[in-house]
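Chemist: make a model of this:
(chains A and B)
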Amino acid sequence: MSDFIELGPLQLALATILIVGAGAVSMALRLGVERRLGVAALRTVIQLGLLGLILERIFTLDNPLLVVGLLLLMTMFAAREAVTRASRGYRGILIDAWLTMAATCFVIGGMVTQVVVGVEPWYDPQYVIPLLGMILGNSLTGISLCLDRFMDHLEVRSAEVELRIAFGATRREALAAPLRDAVRTGMIPIVNSMAAAGIVSLPGMMTGQILAGSPPLQAVAYQIVVMFMIAAAVALGAMLVVVLAGRHFMGVDATLRLDRMTSQSNQ
Amino acid sequence: MAAFLECGPFSASDGEGRVLFDDVSLSLADGQFVSVEGPSGGGKSTLLRHVTALAYSPDSVRRLNGENYNGAALPKWRSHVSLVAQDAPMIAGAVYRNLSFPFLQRAGCEKRFDEDRAAALMTQVGLERLPFDREVRTLSGGERHRLALIRGLLWNPKVIVADEPLAGLDPDIAAACLDLLLRFGRQPGRLLLCVLHDPEMSGRADRRLRLADGQLKGVA
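Modeler: Numbers count the residues shown, from 1 in each chain, chains lettered A, B, ... in the order given. You can find the predicted model right below:
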């Protein structure tokens, strides 16, 4: 597995020219994104650098508690990020997002690492961390899209929701349409990338594996597993988070409580 | 005589904290047309939202025919005490879907959507030319109002609570609509509670209530 070209500081410095070039375009066209680009680039370097250092350490220590601890930390960051991206919020949204992330990771991640791939030992960080990281990264997008759409539907189409309630709809019946709408929206990115995989885009993980010297068919096999895993995770996560969120806006009495919605999700 | 519909106490204030009504309760007999009048912005629509349990009022009691409804039984209450809202809300889709969805949205609904009766009612309110497959977003305000009213009548609940159902309709069509509503409300075991602006229309009510200064009082 050593048949790949190693990257050193010189190569990374050369790559910096690319981002500086993108910033120059922004300045030349007065797009005003150069500052955000700079901050984002800096964050990328710091966050990934830290992750690299942590991963190196965790790989050598080979301790299950450390792996689980890191995963918990990752779910918390993912939940926070998902919530900040939604344009509306409610009290307890962070807990709901975290519960969803944790449950999805546990169920889907557990199934993939333990049953499909069959990782030995069960916590082997080389497999567990990147696989669950991919679940989290994609669930994050799905869950935030889904939450956003759900609350948007409840607010913008409240008359329609209340019309159903006025004719005796139970909570489940009244929330069925917003729920469908939200889950569909949350699943669009993964469905799109599954449809385009291999034709329009070479998925990131597969690209990485090929660069690292894996046989292409092995990389493809892993990529298929990962795509299916992400689709299942997003579907499960989207459904779970909307069910949890729905309980805040409607009790068993099926009264729509829009007063519980905040415009900024800064909970 | 024991009341048919009893509910309350209801209290509500508007966005600025001004009290709309305070500690208001209703106790109404069946077989009647009851009108609610009062100044605009006085909380009549809000009161109807409380009666039909669309507004959150966990401390209120709701009783129909001696039976209590609260908590998880509120959906059942709403299917008996249905609101025909002022802005005639519609579900995206065709006329047919908008008339039939109440019968289809509930698992195990005993009522059946009667297409012939729907067509007959549409004729009575001047909508005979409106095809079932017409998209509701292409309807005029008046057409939507009449459709919402017909939907309420087709559902045939125990109580119809209507918020200005005749607003913006031509006088002869408004009269036809009121006749349909009266025929519904004056049956035994039925009741019509209606916010009306037109004093001539509310003059035909069996009982007239007036919401003003936060209190609900009978009109002599």
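Chemist: burial count for residue A:45?
Modeler: Counted by other Cβ atoms under 10 Å in any protein chain shown, the residues lying close to residue A:45 total 13. (C-beta placed from N, C-alpha, C; glycine too.)
Chemist: same thing with the one 4 residues further on?
Modeler: Burial of residue A:49, expressed as a neighbour count using other Cβ under 10 Å, amounts to 10.
Chemist: same check, this time on the one 5 residues further on
Modeler: Residue A:54 has 15 neighbours, counted by other Cβ under 10 Å.
Chemist: what's the per-residue pLDDT of whatever residue of chain B ends up closest to chain A here?
Modeler: Chain A sits closest to residue B:79 of chain B, with a gap of 2.7 Å, by Cβ to the nearest Cβ. On pLDDT, residue B:79 comes in at 96.
Chemist: not including adjacent chain positions, what is the nearest residue to the closest residue to chain B within chain A?
Modeler: For chain A, the residue closest to chain B is residue A:168, as judged by Cβ to the nearest Cβ, at 2.7 Å. Once flanking residues are discounted, residue A:168 sits nearest to residue B:79: 2.7 Å by Cβ to Cβ, 6 or more residues apart in numbering or on different chains.
Chemist: which neighbouring elements make contact with the helix or strand hosting that neighbour?
Modeler: Per DSSP states H and E, residue B:79 falls inside helix B:74-80. With contacts taken as 3 or more Cβ pairs under 8 Å, 6 or more residues apart in numbering or on different chains; DSSP states H and E, helix B:74-80 sits against helix A:158-166, strand B:61-64.
Chemist: lowest mean pLDDT among the helices and strands, pick that one out for the chain.
Modeler: In the absence of a named chain, this looks at chain A. Ranking every helix and strand in chain A by mean pLDDT, DSSP states H and E puts helix A:204-211 at the bottom, with a mean of 87.
Chemist: um, chain B though
Modeler: Least confident helix or strand of chain B, by mean pLDDT, DSSP H and E, is helix B:199-202 with a mean of 86.
Chemist: export it as PDB, just CAs?
Modeler: Taking Å, rounded to 0.1, in the frame of the first residue of the first chain, the C-alpha atoms of helix B:199-202 are listed here in PDB:
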ATOM      1  CA  PRO B 199     -77.100  42.900  10.400                       C
ATOM      2  CA  GLU B 200     -79.900  41.800   8.000                       C
ATOM      3  CA  MET B 201     -78.400  38.300   7.900                       C
ATOM      4  CA  SER B 202     -77.800  38.100  11.700                       C
END
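Chemist: distance between that helix and the chain's centre?
Modeler: Helix B:199-202 has its C-alpha centroid displaced from the chain centroid by 17 Å (Cα atoms, centre = their mean, to the nearest Å).
Chemist: tell me how many other residues surround residue B:66.
Modeler: 9.
Chemist: list the buried ones in stretch A:186-201?
Modeler: A:186, A:187, A:190, A:193, A:194, A:197 (16 or more other Cβ atoms under 10 Å in any protein chain shown).
Chemist: could you redo those as CSV and give each row pLDDT, secondary structure and distance to residue A:72?
Modeler: Below are the buried residues of stretch A:186-201 laid out as CSV (pLDDT from 0 to 100; DSSP: H, G, I helix; E, B strand; the rest coil; distance: Cβ to Cβ, whole Å):
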residue, pLDDT, secondary structure, distance to residue A:72
A:186, 94, helix, 23
A:187, 94, helix, 26
A:190, 90, helix, 24
A:193, 88, helix, 27
A:194, 90, helix, 29
A:197, 86, strand, 30
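Chemist: between those, which is closest to residue A:162?
Modeler: Using Cβ to Cβ, the shortest approach to residue A:162 within these belongs to residue A:186, at 24.1 Å.
Chemist: go ahead and confirm that closest one touches residue A:145.
Modeler: Yes - applying Cβ atoms under 8 Å, one finds residue A:186 in contact with residue A:145, separated by 4.7 Å.
Chemist: now check stretch B:157-165, is it near chain A?
Modeler: No - counting by Cβ under 8 Å from any Cβ of the partner chain, chain A has no neighbours in stretch B:157-165; the shortest distance is 8.5 Å.
Chemist: any residues of chain B in contact with chain A? List them.
Modeler: Selection of chain B residues close to chain A by Cβ under 8 Å from any Cβ yields B:52-56, B:58, B:70-72, B:74-76, B:78-80, B:82-83, B:85, B:87, B:89-92, B:101-102, B:105-107, B:155.
Chemist: restricted to helices, list the residues you listed.
Modeler: Counting by DSSP state H, those place B:74, B:75, B:76, B:78, B:79, B:80, B:101, B:102, B:155 in helices.
Chemist: quick one, what contacts the second one?
Modeler: By that I understand residue B:75. Applying Cβ atoms under 8 Å, 6 or more residues apart in numbering or on different chains to residue B:75 gives the contacts A:165, A:168, A:169, A:170, A:171, A:253, A:254.
Chemist: where are the low-confidence patches of chain B?
Modeler: B:1, B:220 (pLDDT under 70).
Chemist: picking that back up, which of the contacts of residue B:75 has the largest number of neighbours?
Modeler: residue A:165 leads those on contacts (other Cβ under 10 Å) with 28 neighbours.
Chemist: and it, what does it touch?
Modeler: Contacts for residue A:165 (Cβ under 8 Å, 6+ apart) come out as A:174, A:254, A:255, A:256, B:54, B:75, B:78.
Chemist: list the contacts of the fifth one.
Modeler: Looking back up the chat, that one is residue B:54. Neighbours of residue B:54 in contact, by Cβ under 8 Å, 6+ apart: A:162, A:165, A:166, A:255, A:256, B:78, B:83.
Chemist: and which of the contacts of residue B:75 is nearest to residue B:116?
Modeler: Once Cβ to Cβ is applied, the member of the contacts of residue B:75 that ends up nearest residue B:116 is residue A:168, at 23.3 Å.
Chemist: for the helix holding residue B:79, what is the distance to the chain centroid?
Modeler: With Cα atoms, centre = their mean, you get 13 Å for helix B:74-80.
Chemist: secondary structure class for residue B:35?
Modeler: strand (DSSP: H, G, I helix; E, B strand; the rest coil).
Chemist: which residues does residue B:207 bridge with?
Modeler: residue B:34 (DSSP bridges).
Chemist: any low-confidence regions in the stretch 151-267 of chain A?
Modeler: Judged by pLDDT under 70, the stretches of the stretch 151-267 of chain A that qualify are A:264-267.
Chemist: tell me the buried residues in the longest helix that chain A contains?
Modeler: Among the segments of chain A that qualify as a helix by DSSP H, the longest is helix A:216-249. Buried residues in helix A:216-249, counted by 16+ other Cβ under 10 Å: A:219-220, A:222-223, A:226-227, A:229-242, A:244-246, A:248-249.
Chemist: what residues does the stretch 101-250 of chain A have near chain B?
Modeler: Applying Cβ under 8 Å from any Cβ, we find that the stretch 101-250 of chain A lies next to chain B at A:159-160, A:162-171, A:173.
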